[in-house]
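Asker: Everything below, folded, please.
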Amino acid sequence: MTTTRNIATMGALVAMLLCLAPSALRAQEAVSLQLSIKNKQFQPRELTAPANRPIRLTIKNLDPAAVEFESVTLRVEKVIAANSEGVINLRPLAPGRYNFFDDFNPQNTGALVVR
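Answerer: Next up, the predicted model:
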């Protein structure tokens, strides 16, 4: 009888875990953000994202010259060729303000605000 009860309990636990697994996976799905560079300026200059979620940042360089997206606080840098795009996958971030800039044009600055 104990074995039957243990099997039933285990079956119920497995069923519960299978029901919870999709919501746990969704919690870690990346948030997609878009950023463009046109006329040597980030558009928009400020992005917002939820805290503790991975972020997939697509950067479209619409200018005829390469740019270097760089952020000390995000610990990332990426050169994006003229008239092309690049993708940066960011780890889940704590709430805060994460500044970025174009290393080839340091006056071009922006921020990612995580809440």
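Asker: where's the residue nearest to the spatial centre of the chain relative to P106, distance?
Answerer: Central residue of the chain (Cα atoms, centre = their mean): I55, 0.8 Å from the mean position. According to Cβ to Cβ, to the nearest Å, I55 and P106 sit 23 Å apart. Yep, even glycine has a C-beta here, placed from its N, CA and C like the rest.
Asker: got it, and A51?
Answerer: For A51, the distance to P106 (Cβ to Cβ) stands at 28 Å.
Asker: For the residue nearest to the centre of the chain, which non-adjacent residue is spatially closest?
Answerer: Here the nearest residue to I55 in space, its sequence neighbours aside, is L90; by Cβ to Cβ, 6 or more residues apart in numbering that works out to 4.1 Å.
Asker: need the contact list for the one you found.
Answerer: Counting by Cβ atoms under 8 Å, 6 or more residues apart in numbering, L90 touches 54-57, 74, 76.
Asker: Likewise for S84?
Answerer: Contacts of S84 (Cβ under 8 Å, 6+ apart): 60-61.
Asker: Pull out the buried members of the contacts of L90.
Answerer: Buried residues within the contacts of L90, counting neighbours by 16 or more other Cβ atoms under 10 Å: 55, 57, 74, 76.
Asker: just to revisit the earlier point, test my guess that the residue nearest to the centre of the chain contacts A49.
Answerer: Yes: the criterion here is Cβ atoms under 8 Å, and I55 meets it with A49 at 5.3 Å.
Asker: which residues do the two both contact?
Answerer: 31, 33, 93, 112.
Asker: Adding neighbour count and pLDDT, write those out as a markdown table.
Answerer: Shown next, in a markdown table, are those (neighbours: other Cβ atoms under 10 Å; pLDDT from 0 to 100):
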| residue | neighbour count | pLDDT |
| --- | --- | --- |
| V31 | 16 | 98 |
| L33 | 17 | 98 |
| L93 | 18 | 98 |
| L112 | 22 | 98 |
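Asker: Tell me the pLDDT of Q28.
Answerer: For Q28, the pLDDT comes out at 78.
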